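> no letters, just coordinates:
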């Protein structure tokens, strides 16, 4: 276990899960500290000193540097542990394709689910967007979010008819975001992969069976 790094995270956070899966795929164990989102610990002075954006996950380095945002944490870990599985690619082409597909999964899928959940859940009233600022919910957005998620399922089913993994031939960070998005949609919006999307179903069963998926 690396004692030089501390990951502040929450089991209730899909973004934290993206980092946990990444670490599990690499076989890296870090010191972790749980942030209780239900108790609003992300708004405590102690956590704001770590991440002023009041979001998990956050990775704190030995010198006290704090890194927020999932892609930034991934980038640090990928480069700090070069002997481990490369989930962000090794060649310029791989790196570009993984970044492209991971970005599409995040924008078209993950962000759509987050938008739908945060504008619907009563407990998030006044917190329609995570971060340091308060925003009121817009219930009308939820229906658009459902359409966005439906389109995400269709688009990624088409993609996975062509390749075994989201960004190509190997499991990568793009698969992590896609997997977490699908589970987030099922749990947060009660939206599951349509039965007719065979390619997406087959891919989902395959990646869900990886030990890291339980992280």
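Happy to help now that I have it. This structure is a prediction, so every number in the text was calculated from the model and none was measured. Residues are numbered from 1 along each chain as shown.

> any stretches of the chain with poor pLDDT?
1-3 (pLDDT under 70).

> helices along that one, start to end?
All helices of the chain, identified by DSSP state H, fall at 14-26, 45-50, 70-80, 92-104, 111-118, 141-159, 173-188, 198-208.

> just put these in JSON lines and tack on distance to residue 58 and mean neighbour count.
For every residue, glycine as well, the C-beta is placed using N, CA and C. Formatted as JSON lines, the helices of the chain follow (distance: least, Cβ to Cβ, whole Å; neighbours: other Cβ atoms under 10 Å):
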{"stretch": "helix 14-26", "distance to residue 58": "10", "mean neighbour count": "22"}
{"stretch": "helix 45-50", "distance to residue 58": "5", "mean neighbour count": "13"}
{"stretch": "helix 70-80", "distance to residue 58": "8", "mean neighbour count": "17"}
{"stretch": "helix 92-104", "distance to residue 58": "20", "mean neighbour count": "17"}
{"stretch": "helix 111-118", "distance to residue 58": "18", "mean neighbour count": "21"}
{"stretch": "helix 141-159", "distance to residue 58": "26", "mean neighbour count": "17"}
{"stretch": "helix 173-188", "distance to residue 58": "18", "mean neighbour count": "23"}
{"stretch": "helix 198-208", "distance to residue 58": "26", "mean neighbour count": "17"}
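
> JSON lines for these, including distance to residue 36?
Formatted as JSON lines, these follow (distance: least, Cβ to Cβ, whole Å):
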{"stretch": "helix 14-26", "distance to residue 36": "12"}
{"stretch": "helix 45-50", "distance to residue 36": "10"}
{"stretch": "helix 70-80", "distance to residue 36": "20"}
{"stretch": "helix 92-104", "distance to residue 36": "29"}
{"stretch": "helix 111-118", "distance to residue 36": "18"}
{"stretch": "helix 141-159", "distance to residue 36": "26"}
{"stretch": "helix 173-188", "distance to residue 36": "19"}
{"stretch": "helix 198-208", "distance to residue 36": "27"}
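
> those helices: which one's closest to residue 32?
helix 14-26 (8.6 Å; Cβ to Cβ).

> residue contacts, the residue nearest to residue 155 when sequence neighbours are not counted?
Leaving aside its chain neighbours, residue 155 sits nearest to residue 108 (6.7 Å; criterion: Cβ to Cβ, 6 or more residues apart in numbering). For residue 108, the contact set (Cβ atoms under 8 Å, 6 or more residues apart in numbering) comprises 148, 151-152, 155.

> what sits against the residue nearest to residue 189 when sequence neighbours are not counted?
Spatially, and ignoring its direct neighbours in sequence, residue 189 is nearest to residue 116 (5.1 Å; Cβ to Cβ, 6+ apart). Residues near residue 116 by Cβ under 8 Å, 6+ apart: 141-142, 145-146, 148-149, 188-189.

> what's the answer for residue 191, then?
113, 146, 149-150, 185.

> any idea how far residue 158 is from it?
According to Cβ to Cβ, to the nearest Å, residue 191 and residue 158 sit 18 Å apart.

> ditto for residue 164
To residue 158, residue 164 is 14 Å away according to Cβ to Cβ.

> likewise for residue 142?
As defined by Cβ to Cβ, residue 142 lies at a distance of 25 Å from residue 158.

> check residue 18 too.
The spacing between residue 18 and residue 158, counted by Cβ to Cβ, is 23 Å.
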